[in-house]
Every structure is written in C-alpha cells, then in structure tokens.
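1. 3D, please:
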Amino acid sequence: MKQIVLLNFLAALFVSCGTPETEQAPEPWVSKNPVEWPQFLLMNEAYFTGERILFGASAFLVTNDKDTFVCTAKHLLGPDGGVSPALENDQVNSAMIRWKLYTRSQAKDTFYAGELLNAKRDPADILLLKLEKGGSSVLPLHASLESPGQGERCYIVGCEYKEEDCLQNVFAVNFAGNFSGRLKFTNVPAFELPGFSGAPVLNKSGRVIGVLTAGDGAAVYATPLSEVGSWLK
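-> This next block holds a predicted model:
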C-alpha cells in the first residue's frame, strides 16, 4: 500500500513539475508555401506634435484572441524613423496626433493605432499600441512568449525599401540563442535591412516571437514579445 501511495505521489510530482508545457498548435497556414500565407506586414504613417512624422518601416498586428494590438520597433521614434527630436515611451501618447498603418499597395485599407500601452521609459526596443480601427486585409498574429529551441527554423516577414510594390516576403533563419536580452538569428538570406525595422519574426508554428530591430550582416536581432507579455496573455 505504501509503495502504491509513493508511486502515485511521484507520478503527480512528475506531471506538475517535470513535464514541459504543451507545444502550441501550428497555425493552419504555416505548412503552406510562404507565398500563400496571409498578409501580416504593415507600414507606419504616424504624426506627432512639433511636425514630427514617422513614415515607412514595418509593423504588424498581434492578438490574444480578446484584443488586437499594433506592434513595431521603438527606435523608429528617433532618427531611424525620421522623427526629430526623438520621442520616449512616456511622451508618445501626449504627442501623438494620428497613427495610420497599411500595406504598401493597399493604402485604402487603413488601420489606426491608439494608446501606447508600454508607456513607461524602457530601453526595450518595442512598442505595443491599442488597435483603434482595423481593416480586413491583414491577419493578426498569435504570440509566443517562449524562446525557440536552439537552431530552430524561424521566419522573418518583411520588405526592403527598394521593393516599392512589395506586400511581404518571408525569409527563413535559424535561432541562435539569446544575446543581451534580444533574440539572435543566423543563416540570414541576403537582403537589405532598411525597411525591416518593426517586422515580425515567427517561430516554426507561425507564432510571432519578436520584433526585428537590428542586424550586423551575419545575424539579425529581435526584441522578444515577452517584453510586453503582460498585455498579450
């Protein structure tokens, strides 16, 4: 009897403490050719007081199945996005006049961002805004707040600035670990990084894990969605 009780206890302990979390089910479109994937990529057109304008680069929608948000890179609120003087997180909401988003060739289907949620000063290169009004041409992504496995195939969705008619391209990369609080990816195909700031990085299941923020030729880096995870749960 004591042996049975001990075995039941050990089994319960293993289930509660020793087993990994259930892997998230793949998105239904992720097994298709990437040219058949839904549209995810948006570009920014934001106006702020002081005649400051952010135009271009990348953004995307992310959802927790209750609310939908706009996500992009924080460094775009400075010289990299044409915004001068630069804006800090805690200045955005009071300075924002209008923030529009749309795909490059479908500007008539416009999305509007509202309040910046992570509005405290923070070095993390990520912005999460409420979606105030949306169209129907872009699919919101589900988030994963977990890092991929080492070497796992992941996907960058973006467009080079020089591709004026680009809606989105998908580039396969490999996860190479965490680097100074950012996700690092290697085996990067040849493309020009300008225009990719704010682009989504997806895991093998099609869940967005980060926002692209930097690159050095041999690798690219993304700020993890876990930086704003409290709003995405």
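2. Could you pull out the buried residues of stretch 41-49?
-> Leu41, Leu42, Met43, Asn44, Glu45, Ala46, Phe48 (16 or more other C-beta atoms under 10 Å). The C-beta positions use only the backbone N, C-alpha and C, and glycine is treated the same way.
3. CA atoms of that stretch as CSV?
-> Taking C-alpha atoms only, stretch 41-49 is exported to CSV below (Å, rounded to 0.1, in the frame of the first residue of the first chain):
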residue,chain,number,x,y,z
LEU,A,41,3.0,43.1,-42.8
LEU,A,42,2.1,46.8,-42.4
MET,A,43,3.9,50.1,-42.7
ASN,A,44,3.7,53.1,-40.5
GLU,A,45,2.5,56.6,-41.1
ALA,A,46,2.4,58.5,-37.8
TYR,A,47,2.1,62.2,-37.0
PHE,A,48,3.2,63.9,-33.8
THR,A,49,3.3,67.4,-32.4
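4. Tell me the gap between it and the middle of its chain.
-> Chain-centre distance of stretch 41-49: 16 Å, with C-alpha atoms, centre = their mean, to the nearest Å.
5. What lies in contact with that stretch?
-> For stretch 41-49, contacts defined as C-beta atoms under 8 Å, 6 or more residues apart in numbering pick out 53-61, 70, 72, 76, 81, 83, 87, 92, 94-104, 111, 113, 138, 157-159, 167-168, 198-200.
6. And the strands in the chain?
-> Using DSSP state E, the strands found in the chain span residues 42-48, 52-63, 68-72, 96-102, 111-116, 127-133, 141-142, 153-158, 169-179, 182-186, 200-202, 208-215, 220-224.
7. Could you dump those strands into TSV and include mean pLDDT?
-> Output for the strands of the chain, formatted as TSV (pLDDT from 0 to 100):
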stretch	mean pLDDT
strand 42-48	97
strand 52-63	96
strand 68-72	98
strand 96-102	97
strand 111-116	98
strand 127-133	97
strand 141-142	98
strand 153-158	97
strand 169-179	96
strand 182-186	97
strand 200-202	98
strand 208-215	96
strand 220-224	97
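8. Out of those, indicate the one that is most buried.
-> Mean neighbour count (mean count of other C-beta atoms under 10 Å) peaks for strand 200-202 among the strands of the chain, with a mean of 28.
9. Now for Val35: which residues touch it?
-> Val170.
10. how far away is it from Pro148?
-> Counting by C-beta to C-beta, to the nearest Å, the gap from Val35 to Pro148 is 23 Å.
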